[in-house]
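Trainee: Turn this into a structure:
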Amino acid sequence: MGFDFIIVNNFLTIITNLIGLWLVSLVYSTDKKKALNRGFVLFVIINIAWIDFWNLAFFVNQYHLRLLLTRLVYSFVDIWFVVFYYLFIVWFLKEKGWYLLLGKLIIICESILFLLVTFTDFVIVS
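Mentor: This next block holds a predicted model:
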């Protein structure tokens, strides 16, 4: 007779997805060619995927599928850092110079982490 957190979690996940998709359609429809708008769309889609894969990982009973979903969650975190940097530093604040070099370094580091998390047992042991 206890409170069912699974129902609340699923409801909040659905609401988050709907709000995210609404924001994506609103921002993207204003100016499709602007890098800031495209970056925001990518940022929100990555956040939605991160939340959804994390939520799905709890409902799967098969070990290998749960492991794959967990690896995808952490892979989206790596991608999120790259998009977050470019969205706020490069596109929103319009910083130039060494910020672009730092952005390339972030892409390299996060790409290595992405590959390690997704395809090896170094981070998430199977």
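Trainee: Looking at the most centrally placed residue in the chain now. What's its pLDDT?
Mentor: Nearest to the mean C-alpha position of the chain, by CA atoms, centre = their mean, lies residue 46 at 3.1 Å. For residue 46, the pLDDT comes out at 95.
Trainee: Give me the below-cutoff pLDDT ranges for this structure.
Mentor: 1-3 (pLDDT under 70).
Trainee: Contacts for the helix or strand hosting the residue nearest to the centre of the chain next, please.
Mentor: According to DSSP states H and E, residue 46 maps onto helix 35-59. Applying CB atoms under 8 Å, 6 or more residues apart in numbering, the contact partners of helix 35-59 are 9-10, 13, 16-17, 20-21, 23-24, 27-28, 30-32, 66, 69-70, 72-73, 76-77, 79-80, 83-84, 86-87, 91-92. C-beta: built from backbone N, CA, C; applies to glycine.
Trainee: how near is the closest residue to the residue nearest to the centre of the chain other than its chain neighbours to residue 28?
Mentor: Sequence neighbours aside, residue 80 is the residue nearest to residue 46 in space, at 5.1 Å (criterion: CB to CB, 6 or more residues apart in numbering). Distance, residue 80 to residue 28, using CB to CB, to the nearest Å: 19 Å.
Trainee: Looking at those two, which one has more neighbours?
Mentor: residue 80 (18 against 15; other CB atoms under 10 Å).
Trainee: Thanks again, I'm all set now.
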